[in-house]
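Participant: Please work out how this folds:
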Amino acid sequence: MIKTIRILVFSFLLASLCSLARADEATPTQWAVLIGVTEHKESSRFNLRFTDEDVRLMREVLFDHAGIPLKNMLVLSIERNALEPTKQNMIEAVREFLKKPGPNDRVFVYFSGHGVIEAGETYLVPSDFESDRIAETAVPAATLRDILNGCRAETKFFVLDCCHAAGTKSLSTAPSSSAIAKGLDIEGVKGCFVLASCKEEELSIEWSERKQGLFSFWLARALQGGANTNSDAELKFSEIYDYVHERVSQTARVVFERDQTPMRINSPSVGGNPVMLSLQPEKPETVCRRLAEELDLEIRRHNLSRVLVLEFHNNTSELENVPLNRYCSELISSELRSLANGAYLIATQEDLAKSMSEQHFTFGPKDTGNPLKLSRLKEHLGVDGVVSGPIERAGYALLLESRLYSLDGTKLTSPTGRLPLCLTTLADTGTSINAIRHDIESICSSDAVDRATEEATRHPLFDPKFPITMTINTVQRNAQGEVIHRSPKDFIKTTPDAADDLSPQIAMIEAREGELFEIEVQHSYGDNIEMVLLVDGLNTIGKNIARTEAGSGWIIKPNTVDRTGGFYLDMDGTASPSNGKVKKRFEYFQFVDVNHADASRMGYSDKIGLISATFFAKGGDKAVGTAGIPSGHRILNTVRFKRGDYLGTLHIRYVEAE
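Facilitator: Take a look at the predicted model:
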């Protein structure tokens, strides 16, 4: 008889979204020119501290998030394998490179450094600039304008981060970024949009704590996807400007008590609000990092001393009791601790669980508007702020909202992030997925998500064509830890309430307190596969919080029985690294009372009752992975394995039985 069922049925109904017909036209190719002038040969007085870091970050963002290949980027900086940003290279190399884009393409041009105005003419300062020969050694804005005008690309996005506070004292004629932009006289440059780091009479701030320019710091976050407010994977000029303008201005006031106001200019011949960049699907790690960076500003602005970060939640049952909620809150907690740099402290869900146990009170995400409970939270945990928020599905995206509350219940800020709904993030929300069943072009396509949602009404474990089987065995061990008896548990499966019910089918087992268990997996896929195995939201390798794509995995051979009987924890010693073996502490899996479970002690009792296994095929090139050996042993063999295509995810829930 089932006594307590910790099950929440997910009702991911298909979103009735209209598919827009796309014109039959060539996909624009994206190109980038990145110029950062850190060092100046004439004098170190002109040198800047972080322009090389700004360029490096822009290159990484454009490569990782916009998918621009390195062959489509021209980099001029002190970076290795980059061209030196001399006057000749800033003119000739850029001119030659910008002959490559076609008429349907997009070009992103970024410059971080100094500018000067001499005798009414505007110049950019290269590394071989001489202050007493400006006209002869600097790059005329008119020349750069001619180069841009000669580029055939339909859209040109020119970013200027000039007039840095660290170097302007040595350049008496240094103008602001907006003055440089005006000097470009872009009215005659077809398809050109300019974003300048500050307006006239202002300086571009260098943010020592972040080791970047303030403007470039937030520009990078915008290009990662922070500015993509509608999750359509296309960044428009207004989206980038609005995001950067708000955050640069706010940070300048809160952190530096100064003004810095980004400006935008576009040629009159350009109409509408064109796309500047097309983005690739974003991952939870960068979304949560941005949310933490925005929370950090408000925590500082309100002089909070200790802030509690709660687990993400949902007002309905759809996204509760799933790995993603906990994983995102842990990411934000970790990032805030790093950003705080001693300015404030972060209390975690584990701190809250300990305090509630010792002081006999309760507090959850829905108590942020309860004055009495907030006062008890302040009394017992010593916090003066709380971060809490929902994760909700919105079409083909997940909306993450991080709300910062003061202890009087006032909402101080609520930054949001949008996470594209790929098959792997759908799996993170608790849906079991068979990604082998169909030939899927992209795991992030709306078609793939729709089909996975439809087919979730039948759990892959109950599909005879799914090549992976999973069994939960109860085991008995002798004094040496060897299994002397194992017995497979029967699966209980939910059935739809009605013929049109699209609720995912759930596989569950009955568990009794004190039982030792192991997880048995077999597959007939044809080659080695990787399995990321989580129990109660904790990775079985390392016992850390993880999600489907972010965990260390086990390598499983085809047509063999692979059993995992516990957690492999942090290393307490290693064998010789050369022989590919590592020694780890080992803890058996055991069903226990919810209050004694590891996840519960860490403050995440909603995760109790979930076993998740995610599978990946073998990719092309080799990379480091991990392989397990029979349960009970403490030695792991490291092997070479490149993670390839996503194959699917199996979720099994366990419930207490009498």
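
Participant: which residues does residue 59 contact?
Facilitator: Residue 59 sits next to 32, 34, 73, 75, 79 when contact means Cβ atoms under 8 Å, 6 or more residues apart in numbering. C-betas here are computed from N, CA, C, even on glycine.

Participant: Check what pLDDT it gets.
Facilitator: The model reports residue 59 with a pLDDT of 94.

Participant: What of residue 524?
Facilitator: 93.

Participant: cool, and residue 398?
Facilitator: pLDDT, residue 398: 85.

Participant: For residue 141, which non-adjacent residue is closest in space?
Facilitator: residue 122 (4.0 Å; Cβ to Cβ, 6 or more residues apart in numbering).

Participant: Just to be sure, the one you found is in a strand?
Facilitator: Yes. Judged by DSSP: H, G, I helix; E, B strand; the rest coil, residue 122 forms part of a strand.

Participant: What count of nearby residues applies to it?
Facilitator: 23 (other Cβ atoms under 10 Å).

Participant: wait, it sits on residue 184?
Facilitator: Yes. Judged on Cβ atoms under 8 Å, residue 122 makes contact with residue 184 at a distance of 7.2 Å.

Participant: Between those two, which contacts overlap?
Facilitator: residue 141.

Participant: which helix of this protein spans the most residues?
Facilitator: Once the chain is assigned using DSSP state H, the helix that runs over the most residues is helix 237-256.

Participant: Give me the buried positions along that helix.
Facilitator: Within helix 237-256, the residues scored as buried using 16 or more other Cβ atoms under 10 Å are 237-245, 247-249, 251-252, 255.

Participant: which other helices and strands contact the strand ranked longest in the chain?
Facilitator: In the chain, with assignment by DSSP state E, the single longest strand is strand 643-657. Strand 643-657 sits against strand 2-4, helix 423-428, strand 433-434, strand 468-477, strand 507-511, strand 610-618, with contacts defined as 3 or more Cβ pairs under 8 Å, 6 or more residues apart in numbering; DSSP states H and E.

Participant: Which one of these lies nearest to residue 559?
Facilitator: strand 468-477 (11.3 Å; Cβ to Cβ).

Participant: what's downstream of that closest one, the next helix or strand?
Facilitator: strand 483-488 (DSSP states H and E).

Participant: Whichever helix or strand comes after that following strand pairs with which strands, and in what direction?
Facilitator: Elements were assigned by DSSP H and E; along the chain past strand 483-488, the next helix or strand is strand 492-493. When sheet partners are counted by DSSP bridges, strand 492-493 sits next to strand 507-511 (antiparallel).

Participant: What average pLDDT does the strand it pairs with get?
Facilitator: 88.

Participant: Give me the buried positions along it.
Facilitator: 507, 508, 509, 510, 511.

Participant: Okay, and the beta partners of the second one?
Facilitator: What it means is residue 508. residue 492, residue 653.

Participant: Next one: it from residue 548, what distance?
Facilitator: Distance of residue 508 to residue 548, computed by Cβ to Cβ, to the nearest Å: 20 Å.

Participant: now the strands for the stretch 301-450 of the chain?
Facilitator: Per DSSP state E, counting those that start in this stretch, the stretch 301-450 of the chain carries strands over the ranges 306-309, 345-347, 385-388, 391-394, 397-401, 403-406, 411-413, 416-420, 433-434.

Participant: Looking at these, which is nearest to residue 283?
Facilitator: Of the strands of the stretch 301-450 of the chain, nearest to residue 283 by Cβ to Cβ is strand 416-420, at 7.9 Å.

Participant: So which bits of stretch 272-285 are buried?
Facilitator: Applying 16+ other Cβ under 10 Å to stretch 272-285 flags 274, 275, 276, 277, 278, 279, 281, 282, 283, 284 as buried.

Participant: Restricted to helices, list these.
Facilitator: Using DSSP H, the buried residues of stretch 272-285 in helices are residue 284.

Participant: which ones among the buried residues of stretch 272-285 are found in strands?
Facilitator: Among the buried residues of stretch 272-285, the members falling in strands (DSSP E) are 275, 276, 277, 278.

Participant: Next, format those residues as TSV and append distance to residue 259.
Facilitator: TSV is the format used below for those (distance: Cβ to Cβ, whole Å):
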residue	distance to residue 259
275	30
276	26
277	28
278	33
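
Participant: so what's the closest residue in space to residue 419 that isn't next to it in sequence up against?
Facilitator: Residue nearest to residue 419 in three dimensions, not counting chain neighbours: residue 398, with 4.3 Å by Cβ to Cβ, 6+ apart. Residues in contact with residue 398, defined by Cβ under 8 Å, 6+ apart, are 319, 324, 391, 392, 418, 419, 421, 425, 429.

Participant: mind checking pLDDT for the fourth one?
Facilitator: Think residue 392. 84.

Participant: What count of nearby residues applies to it?
Facilitator: So residue 392, with other Cβ under 10 Å, has 17 neighbours.

Participant: just residue 448 next, same as before
Facilitator: 21.

Participant: end-to-end on stretch 142-156?
Facilitator: 16 Å (Cα to Cα, to the nearest Å).

Participant: can you check stretch 526-539 too?
Facilitator: Stretch 526-539: ends 26 Å apart by Cα to Cα.

Participant: roughly how far is that stretch from the heart of the chain?
Facilitator: Centre-to-centre, stretch 526-539 and its host chain are 21 Å apart (Cα atoms, centre = their mean, to the nearest Å).

Participant: quick one: buried residues of it?
Facilitator: Using 16+ other Cβ under 10 Å as the test for burial, stretch 526-539 gives 528, 529, 530, 531, 532, 533, 534, 535, 536, 537, 538, 539.

Participant: again, but for stretch 218-235
Facilitator: 218-228, 231-233, 235.

Participant: Equivalent analysis for stretch 205-216, please.
Facilitator: 205, 206, 207, 210, 212, 213, 214, 215, 216.

Participant: Please name the bridge partners of residue 139.
Facilitator: residue 124.

Participant: residues in contact with it?
Facilitator: 87, 90, 91, 123, 124, 125, 126.

Participant: confidence score at it?
Facilitator: pLDDT, residue 139: 93.

Participant: what do you get for residue 599?
Facilitator: 47.

Participant: Equivalent analysis for the one 10 residues further on, please.
Facilitator: Turning to residue 609, the model gives it a pLDDT of 79.

Participant: distance of it from residue 354?
Facilitator: 22 Å.

Participant: which of these two has more neighbours?
Facilitator: Between residue 609 and residue 354, counted using other Cβ under 10 Å, residue 609 has the larger neighbour count: 25 against 15.

Participant: pretty sure that one contacts residue 652?
Facilitator: No. Under the criterion of Cβ under 8 Å, residue 609 is not in contact with residue 652, lying 9.5 Å apart.

Participant: mind checking how far residue 371 is from residue 304?
Facilitator: Counting by Cβ to Cβ - residue 371 and residue 304 are separated by 18 Å.

Participant: Which one's more surrounded, these two?
Facilitator: residue 304 (20 against 11).

Participant: for the more buried one, what are its contacts?
Facilitator: Counted by Cβ under 8 Å, 6+ apart, residue 304 has contacts 344, 384, 385, 406.

Participant: separation between it and residue 383?
Facilitator: 8 Å.

Participant: for the chain, what helix or strand is lowest in average pLDDT?
Facilitator: strand 624-627 (a mean of 30; mean pLDDT, DSSP states H and E).

Participant: thinking again about what came up before, so the residue nearest to residue 419 bridges to which residues?
Facilitator: residue 393, residue 419.
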